[in-house]
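Trainee: all I have is the shape, not the residue letters:
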Ligand code: TRP
């Protein structure tokens with residue numbers, strides 16, 4: 001067997017191996033978010049979200065243009081989405097948390113697409129009917145709005161319920177995309193079903209839908225995880241050809257799996273924390289997580305640990321410790337060997353469980369308010 005430490009794979013339907021994020025950006029002409037851009041954002045937001053400070057949201061396309069327009073008095077709207085395939089994990093919240101923050105700071109409209117046909121077409125192995133996927137979508141939407149989106153500025157739509165509005169625009173996109181382009185971009189073969197081939201044109205629509213609605217060009221900013229960039233690599237030029245602004249994009253890394261993989265895998269349930277997990281499940285999963293600590297407590301005290309290999313540390317970094325000073329203390333204790341795996345894990349499990357308790361309370365509070373967010377034909 002050939003051992004390829006650097007090998008990884010990222011496409012819209014599969015992520016494997018250890019992702020080299022800088023290399024990925026370079027390969028596709030995506031720019032890194034540099035200090036100058038961070039400063040420009042901070043000018044408007046006062047503080048910088050930890051996802052940006054820690055370069056978890058690390059790259060972009062034309063974010064500088066979005067800020068230019070904003071500063072000229074031409075505000076943008078935000079578009080993102082989630083294709084339901086099952087319950088949501090903590091990792092799925094990353095883009096939505098940044099979107100919520102951007103909405104709060106820039107006071108802008110947010111469009112959230114729920115393509116309830118996407119995984120039905122692309123993941124037959126799910127063995128779910130279209131109706132079943134549609135039903136679980138509501139639970140996903142609750143998890144999203146539980147983060148605290150503004151109902152009057154947030155529009156959520158399911159593809160199967162908003163097709164009347166979107167189909168006409170999707171057709172205009174589809175006319176400009178050839179089979180050979182999507183074959184290349186998404187790895188389709190002659191065996192791929194024709195719904196999959198068309199789907200990317202549905203994902204393109206909300207990137208210019210507000211312009212259609214308002215009859216004038218409105219800048220659009222799309223925060224997404226890097227595996228979704230491919231849709232817009234294909235669509236941005238087409239959207240430009242249709243006479244609209246090409247959307248700008250902000251890219252996030254994936255929340256790593258508890259086993260150290262670059263992305264939590266929904267097929268390997270134990271490597272991800274789900275929002276519906278019970279306190280016992282959380283404890284169990286965290287107990288099994290990779291820590292990279294030395295073989296014995298003595299050795300750990302003597303040699304210390306590696307924060308990059310310690311998934312407990314990484315979970316604090318990616319989501320559970322927004323305070324940089326506290327994060328630095330945790331990292332220090334891991335490095336100098338004073339924080340042993342048992343206690344380290346127990347504390348994180350408690351933190352996660354406190355978060356989940358509050359999240360699920362918020363979710364319950366929103367249960368009868370879902371309709372305030374949803375657009376239907
Ligand atoms: N394809 C995305 C997924 O698999 C869902 C999605 C639709 C999306 N529109 C989007 C993601 C826009 C990011 C931005 O979950």
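Mentor: Great, that's in hand. All values reported here derive from a predicted model rather than from experimental measurement.
Trainee: is it true that residue 40 touches residue 68?
Mentor: No. In this structure, residue 40 is not within contact of residue 68 by Cβ atoms under 8 Å, at 9.3 Å. Using the backbone N, CA and C atoms, a C-beta is placed for each residue, glycine as well.
Trainee: looking at these two, which has the bigger crowd around it?
Mentor: Taking other Cβ atoms under 10 Å, residue 40 and residue 68 do not tie; residue 40 has more neighbours (17 against 13).
Trainee: and the more buried one, helix, strand or coil?
Mentor: Following DSSP: H, G, I helix; E, B strand; the rest coil, residue 40 is assigned to helix.
Trainee: distance of it relative to residue 33?
Mentor: Here the criterion is Cβ to Cβ, to the nearest Å. By it, residue 40 lies 10 Å from residue 33.
Trainee: swap in residue 359?
Mentor: 27 Å.
Trainee: so what's residue 38 up against?
Mentor: By Cβ atoms under 8 Å, 6 or more residues apart in numbering, the contact set of residue 38 is 48, 52.
Trainee: now it: how far from residue 164?
Mentor: Distance, residue 38 to residue 164, by Cβ to Cβ: 41 Å.
Trainee: find the nearest non-adjacent residue to whatever residue of the chain ends up closest to the ligand, please.
Mentor: Closest to the ligand within the chain is residue 81: 2.6 Å, counting by Cβ to the nearest ligand atom. Spatially, and ignoring its direct neighbours in sequence, residue 81 is nearest to residue 113 (3.6 Å; Cβ to Cβ, 6 or more residues apart in numbering).
Trainee: now do the same for that neighbour: its pLDDT.
Mentor: pLDDT recorded at residue 113 is 98.
Trainee: ditto for the one 3 residues further on
Mentor: Looking at residue 116, its pLDDT is 97.
Trainee: ok so, going back, you'd agree the residue nearest to residue 81 is in a strand?
Mentor: Yes. Using three-state DSSP, the secondary structure at residue 113 is a strand.
Trainee: neighbours around it, how many?
Mentor: Residues near residue 113, counting by other Cβ under 10 Å, number 24.
Trainee: tell me the contacts of it?
Mentor: Counting by Cβ under 8 Å, 6+ apart, residue 113 touches 79-82, 157, 159, 203, 206.
Trainee: OK, contacts around residue 30?
Mentor: Going by Cβ under 8 Å, 6+ apart, the list of residues near residue 30 reads 24, 59-61, 229, 249, 251.
Trainee: mind listing the strands for the stretch 151-300 of the chain?
Mentor: For the stretch 151-300 of the chain, applying DSSP state E, counting those that start in this stretch gives strands covering 154-158, 220-225, 248-252.
Trainee: include distance to residue 323 and mean neighbour count when you put the ones you listed into JSON lines, please.
Mentor: Formatted as JSON lines, the strands of the stretch 151-300 of the chain follow (distance: least, Cβ to Cβ, whole Å; neighbours: other Cβ atoms under 10 Å):
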{"stretch": "strand 154-158", "distance to residue 323": "27", "mean neighbour count": "22"}
{"stretch": "strand 220-225", "distance to residue 323": "23", "mean neighbour count": "24"}
{"stretch": "strand 248-252", "distance to residue 323": "20", "mean neighbour count": "25"}
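Trainee: want to throw these into CSV with mean pLDDT and distance to residue 210?
Mentor: Output for these, formatted as CSV (pLDDT from 0 to 100; distance: least, Cβ to Cβ, whole Å):
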stretch, mean pLDDT, distance to residue 210
strand 154-158, 98, 9
strand 220-225, 98, 7
strand 248-252, 98, 14
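Trainee: flag every residue of the stretch 51-200 of the chain that's near the ligand.
Mentor: 79-83, 113, 115, 118 (Cβ under 6 Å from any ligand atom).
Trainee: okay, now the domains of this structure?
Mentor: Recorded structural domains for the chain (assignment: automatic domain parsing) are 3-253, 269-364.
Trainee: using CSV, lay out these together with distance to residue 370.
Mentor: Output for these, formatted as CSV (distance: least, Cβ to Cβ, whole Å):
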stretch, distance to residue 370
domain 3-253, 6
domain 269-364, 10
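Trainee: those domains: which one's closest to residue 262?
Mentor: domain 3-253 (4.2 Å; Cβ to Cβ).
Trainee: chain center to that closest one, what's the gap?
Mentor: 8 Å (Cα atoms, centre = their mean, to the nearest Å).
Trainee: what mean pLDDT does the longest helix along the chain get?
Mentor: For the chain, the longest helix by residue count, based on DSSP state H, is helix 341-366. For helix 341-366, the mean pLDDT works out to 97.
Trainee: now it: buried residues?
Mentor: By neighbour count on 16 or more other Cβ atoms under 10 Å, the buried set for helix 341-366 is 341, 344-345, 347-349, 351-353, 355-356, 359, 363, 366.
Trainee: which residue ranges of the stretch 151-300 of the chain form helices?
Mentor: Secondary structure of the stretch 151-300 of the chain by DSSP state H, counting those that start in this stretch: the helices cover 163-174, 179-186, 194-204, 209-214, 229-241, 279-288, 297-303.
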